[in-house]
Structures are given as structure tokens and as C-alpha cells.
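J.: this one's structure only:
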Ligand code: SF4
């Protein structure tokens, strides 16, 4: 595919995308609304995904001891000081499965966030097997007035991997949720993890084609990191030979190859993940921040004169 699209950058970036939609910077505010997860509370399983440590991703100011309103007020105050230009916010229901409740409770929790005039929409993180038609219908209703995105943890396109990580759902269930969401014109975000045991580089690169064929809007990538006090750490300690964790250089090379194969229509929200070092049992690439890794990736794309979708085939 030719490098003809109008993006100033070599990939379809989240920040540019938001500027196009809203005409200004929009800041996400993480909210912990006190949901749980069916893969932890016994409905599907009790152990959860073997890599999961929600505390690692959840900002420390998001505590369930505070109401949603309090978390949002504090988040707005914090970001007003940090990013003076941000005047619009998206409430990011991030911790655990944020569609896993009765429709009445979901309505109350989502409305509490949308009651803030500064909040122009919601991003709702959840599992693909956790979205009823009733919930989607409500989100479709909200999306007529607000920016609404459902963010699905797909994590892998391979059922063997999903089974290994005790994910509790299949890739087919992810496709089904994505298609039902798309039919209602609700925006769709997705996550993938790269570097899970038993997945070869070829398998991971093939996921670019699989994801490109789905009607998704956004995607986030996570390099596999081992979090302390997880089953994954236990396996890592006893069977290190099944892990092939990415070094920074290797990841930059891999993610560029992946991006070249990815549909240029899909917005890339992040190339890698970042968690406080105290949660990590594996390398953190020398404490590099997200934007530093992104800068290295963009520099390398320039050097290779390549771009998102260069090798994408319709
Ligand atoms: S579905 Fe999400 S919250 Fe639940 S165990 Fe897996 S990673 Fe953790």
C-alpha cells in the first residue's frame, strides 16, 4: 500500500485521531467503578488469567473507596494542572470487567461519569464474553450523544494460547462480540499481548492480518511482562525455557513488522505497556516511558522508510 494517507506520522496515531474528532486534546480519566470479573469470581473460573494483576495497570488514585464522581473530580483537577490545554475528558472504566453487572447498575455507574459536563464519553474495558445484547443496546443509545468505545481484551487470536493463559473465552467469542458491537455502530478498541509462551513470531505477525479483517477501530499492544504474585510468575520461575521475552531492540523490530501488515485504517493507541517497576518480575527495558519507546519506534520506521499498512493486503 502506498504512503498516501494524510497522517503526519508513520502510523495512525491516537492523538492525531482525537484531534481530528474533537479538534483538541482529549484526556482519558481512569475510573475504578468497583466491578469484578467472571474469570475471578467463579462464574467462569476463580484463578483469573494467569498474567493478571489489575493493580499494576490501575492508577493509584483510582480506589473503590472513592465514588466515581470523586475519582473524576480529582482526575480533572490533576490533569488541568498537568495538561493545561485539556478541557475534554473520556471516563475510562478500566479495572476488571466493566460490563459485568445488572443493566440498572451499569446505567447508574456510566451516568455518574457522564453527568460531568467536561466528560464527553466513555471507554469501557471488558471481556468479549461479558457483553449482553441489552448492554450493547444501551451503549448504542448513549453513543448517539457521546463518544462511546467498548475495549475488548482479545489478547491472542489463538485458542491454544487463550487456554494456556486461562482466559476463559475463545477467539471466536471475541469475533462475535466485535461483530455485534460493530452492527450497532459502537466504537471498538482491542488489546493484544505479544510474547506469550508457545506463540512463534510468525504466528504473532499473522495476527496483523486477522485483526485487520475485523471491524475494529483501535488497537493496543502489550509486550508480555511478568507481574509478581501471578500464576505466570510461577510458571516463569519453573519453566523459563518456554518464555522468549522481547528485548527492546527485538520488540522494536517486531512491532514495526506487525505495523507494516496492519490495516492503516486502525488507530494504534499504544505500542507497548508500562507498569510501575514494583509490580514486575521481568525486565522493564531500563525504565523507558511509553512515549520514549514510541519515539524509538517512529525513528526506526523513518530509518527504514516504512509505515503502517505498507505490507497490508486487502
Ligand atoms: S479478564 Fe481481565 S480482570 Fe479478569 S482475570 Fe483476566 S485480565 Fe484479569
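T.: Nice, I can see it. Predicted, not measured: the structure shown is a model, and the values here were computed from it.

J.: Please make it C-alpha for all contacts and neighbour counts, starting now.
T.: Noted.

J.: Checking residue 241 next. Helix, strand or coil?
T.: Counting by DSSP: H, G, I helix; E, B strand; the rest coil, the backbone at residue 241 sits in helix.

J.: i'd like the first residue to be 13 from this point on
T.: Noted, 13 is the first residue going forward, which turns the last one into residue 253.

J.: Following element in sequence after the lowest-mean-pLDDT helix or strand in the chain, please.
T.: Lowest on mean pLDDT, DSSP states H and E among the helices and strands of the chain sits helix 66-69, with a mean of 70. Reading on from helix 66-69 to the C-terminus, the next helix or strand found by DSSP states H and E is helix 80-94.

J.: pLDDT averaged over that next one - what is it?
T.: Averaging pLDDT along helix 80-94 yields 88.

J.: just checking, what packs against it?
T.: In terms of contacts (3 or more CA pairs under 8 Å, 6 or more residues apart in numbering; DSSP states H and E), helix 80-94 is packed against strand 38-43, helix 115-126.

J.: Do a quick rundown of the strands in the stretch 113-262 of the chain.
T.: Assigned by DSSP state E, counting those that start in this stretch, the strands in the stretch 113-262 of the chain fall at 131-138, 159-167, 199-206, 230-235.

J.: Remind me what the shortest one packs against, helices and strands.
T.: If I follow you right, that is strand 230-235. Packing partners of strand 230-235 (3+ CA pairs under 8 Å, 6+ apart): strand 199-206, strand 279-282.

J.: average pLDDT for it?
T.: Here the average pLDDT along strand 230-235 is 97.

J.: so how far is it off the chain centroid?
T.: 6 Å (CA atoms, centre = their mean, to the nearest Å).

J.: Parallel or antiparallel, which strands does it pair with?
T.: Take DSSP bridges as the rule and strand 230-235 pairs in its sheet with strand 199-206 (parallel), strand 279-282 (parallel).

J.: Show me which residues of the stretch 13-162 of the chain are close to the ligand?
T.: Residues of the stretch 13-162 of the chain lying close to the ligand (CA under 6 Å from any ligand atom) are 49, 51-52, 60-61, 64, 108-109, 139.

J.: Now render those as CSV, adding pLDDT and distance to residue 162.
T.: Converted to CSV, these look like this (pLDDT from 0 to 100; distance: CA to CA, whole Å):
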residue, pLDDT, distance to residue 162
49, 95, 16
51, 94, 19
52, 93, 21
60, 93, 21
61, 95, 20
64, 92, 20
108, 93, 13
109, 96, 11
139, 97, 10
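
J.: Now restrict those residues to buried residues only.
T.: Among those, those buried by neighbour count (16 or more other CA atoms under 10 Å) are 49, 51, 60-61, 64, 108-109, 139.

J.: for the stretch 63-212 of the chain, which spans come out with low pLDDT?
T.: 69-74, 95-98 (pLDDT under 70).

J.: What does the pLDDT read for residue 41?
T.: pLDDT, residue 41: 94.

J.: which residues does it bridge with?
T.: Residue 41 has these beta-bridge partners by DSSP bridges: residue 103.
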